[in-house]
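> structure here, sequence nowhere to be found:
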């Protein structure tokens, strides 16, 4: 439900009954990840999308039935060759959708309007996590205002009420202690509880939004000016840093959230010491000048980052590596450096170079990314990678697969 924007307020203030449909399991080629939600009003109006159009009509119909019965439900959508008129995903993926009325109290299977109103009060960039029951007879939800500061002991009473038993609450707290600070989202399976809910063991859908990850651009150049707005489109908080005031303070860098005039290595060291650089941070070094690049790279290679890239030719890269090795940088650390920066798109203009850099940043999030045209790939387009980095700007996916005749099994992508 964290995909809703400011329009959620207006929907909650209307007199219409509302149902919330949320993707709780996804496998294969699917357009939207676990946690994506859609609101359906009693008059058939819709806010949001789950699949880009493949299953929305069927979801609306089920949501209206859920409103009529005041009961939650789960619906499964996949690809059907046998029935051309069946609602399904033509891309071949599989979705499981949880549909619940909005309203009532926390123990009747609905989503309390008071909780939804609290959720709507958070700005689109404010950190928050939503945890809710989605098992049969699903019971209640809770909000965690600052996921990175989640302390299990503080939340055990709430989790006990939500999960239905002490064992389930402790299991939830342990898993949330790992998932929330890293910005994870997905479904948690818990030991059976003893409460007013019946059916399968408790399952919690967790959605987490952390503060925007940072992307630091070093170098007030044409390439930096082109990269800034592209990084903003991906949701990064973007900083431009250059030691030369006359270059850094030009109007063409207005797309940056902030502009720092400082020696790059000194600025990065200060930010890291203040805790403002973390494992989701992306660094793009576009200065292409050894007096800036070498001390900056020495500093950056000591940090845990999502991505580190430096501009330059193959020749300048080889010289850069020799200089860093001579200064004591370990060869294994240099393997984390993307240099020359970007994917091979034969980019020529600054805007094209910016696209090649952003494409590599996206690809670095998942080891299954090949950078090849999708037309030459076989198998699903979206391939979960074992141990995919949890430090990307996106929340790491938790994929639920359901083998024939078996219950849903949790796997981490």
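Now that the structure is in, tell me what you want to look at. Model, not experiment: these values are computed from the prediction.
> residue 224 touches residue 216, doesn't it?
No. Judged on Cβ atoms under 8 Å, residue 224 makes no contact with residue 216 at a distance of 10.6 Å. C-beta here means a position set from N, CA and C on the backbone, and glycine is covered the same way.
> can you list residues touching both of the two?
Overlap of the contact sets of residue 224 and residue 216 (by Cβ atoms under 8 Å, 6 or more residues apart in numbering) consists of residue 284.
> would you agree residue 41 is in contact with residue 18?
Yes. Residue 41 is in contact with residue 18 according to Cβ under 8 Å; the separation is 5.7 Å.
> report how many residues lie close to residue 36.
Neighbourhood size, residue 36 [other Cβ atoms under 10 Å]: 24.
> ok, residue 219 next?
Neighbours of residue 219 using other Cβ under 10 Å come to 28.
> that one and residue 27, how far apart?
42 Å (Cβ to Cβ, to the nearest Å).
> also residue 99?
From residue 99 to residue 27 the distance is 19 Å (Cβ to Cβ).
> what's the answer for residue 158, then?
Taking Cβ to Cβ, one finds residue 158 at 31 Å from residue 27.
> partners of residue 205 in the sheet?
residue 132, residue 187 (DSSP bridges).
> ok so, going back, residue 158 and residue 27 - which one has more neighbours?
More crowded of residue 158 and residue 27, by other Cβ under 10 Å: residue 27, with 20 against 17.
> wait, the more buried one sits on residue 77?
No. Contact criterion Cβ under 8 Å: residue 27 and residue 77 do not qualify, at 11.3 Å.
> between those two, which contacts overlap?
In contact with both residue 27 and residue 77: residue 94, using Cβ under 8 Å, 6+ apart.
> all the strands of the stretch 151-300 of the chain, residue numbers only.
Taking DSSP state E, counting those that start in this stretch, the strands of the stretch 151-300 of the chain run over residues 186-189, 203-209, 214-218, 237-242, 258-261, 282-285.
> what lines up beside the last one in the sheet?
Its sheet considered, strand 282-285 pairs with strand 214-218 (parallel), strand 307-310 (parallel) by DSSP bridges.
> the residue lying closest to residue 178 once chain neighbours are set aside - how many residues pack around it?
Excluding the flanking residues, the one nearest residue 178 by Cβ to Cβ, 6 or more residues apart in numbering is residue 184, at 7.4 Å. Per other Cβ under 10 Å, the neighbour tally for residue 184 reads 22.
> give me the pLDDT for residue 184.
We have a pLDDT of 86 for residue 184.
> wait, residue 280 touches residue 306, no?
Yes. Counting by Cβ under 8 Å, residue 306 is a contact partner of residue 280 at 5.2 Å.
> who has more neighbours out of these two?
Neighbours per residue, other Cβ under 10 Å: of residue 280 and residue 306, the larger number sits with residue 280, 25 against 21.
> from residue 279, how far out is the closest residue to the more buried one other than its chain neighbours?
Leaving out its chain neighbours, the residue that sits closest to residue 280 by Cβ to Cβ, 6+ apart is residue 213, at 3.7 Å. Between residue 213 and residue 279 the computed distance is 9 Å (Cβ to Cβ).
> more crowded one of those two?
Set residue 213 next to residue 279 and count neighbours by other Cβ under 10 Å: residue 213 wins out with 21 against 14.
> distance-wise, check the more buried one relative to residue 374.
Residue 213 is 26 Å from residue 374, by Cβ to Cβ.
> quick one: the helices in the stretch 101-250 of the chain?
For the stretch 101-250 of the chain, helices defined by DSSP state H, counting those that start in this stretch occupy the ranges 113-120, 152-163, 166-179, 222-233, 245-248.
> pick out the shakiest of those helices, pLDDT-wise.
Taking the mean pLDDT of the helices of the stretch 101-250 of the chain, helix 113-120 comes last: a mean of 86.
> to the chain's geometric centre, what's the distance from it?
22 Å (Cα atoms, centre = their mean, to the nearest Å).
> likewise stretch 14-28?
That offset, for stretch 14-28, works out to 18 Å (Cα atoms, centre = their mean).
> one more: stretch 122-135?
Using Cα atoms, centre = their mean, the distance between the centre of stretch 122-135 and that of its chain works out at 12 Å.
> buried stuff in it?
122, 127-135 (16 or more other Cβ atoms under 10 Å).
> same thing with stretch 222-238?
Buried, per 16+ other Cβ under 10 Å, within stretch 222-238: 223-228, 230-232, 234, 236-238.
> likewise stretch 306-315?
Here stretch 306-315 shows 306-312 as buried, counting by 16+ other Cβ under 10 Å.
> and if you look at stretch 329-347?
329, 337-339, 341-343, 347.
> just the closest of those residues to residue 67, please.
The nearest member of the buried residues of stretch 329-347 to residue 67, counting by Cβ to Cβ, is residue 343 at 47.4 Å.
> anything in contact with each of residue 213 and residue 279?
residue 306.
> state the next helix or strand along the chain beyond the helix or strand that contains residue 9.
Using DSSP states H and E, residue 9 sits in helix 7-13. Downstream of helix 7-13, the first helix or strand assigned by DSSP H and E is strand 18-27.
> which strands or helices does the helix or strand following that following strand pack on?
Downstream of strand 18-27, the first helix or strand assigned by DSSP H and E is strand 37-41. Other helices and strands packing on strand 37-41, by 3 or more Cβ pairs under 8 Å, 6 or more residues apart in numbering; DSSP states H and E, are helix 7-13, strand 18-27, strand 46-47, helix 56-69.
> can you give me the pLDDT of residue 107?
pLDDT at residue 107 comes out at 43.
> tell me, how many residues neighbour residue 215?
29.
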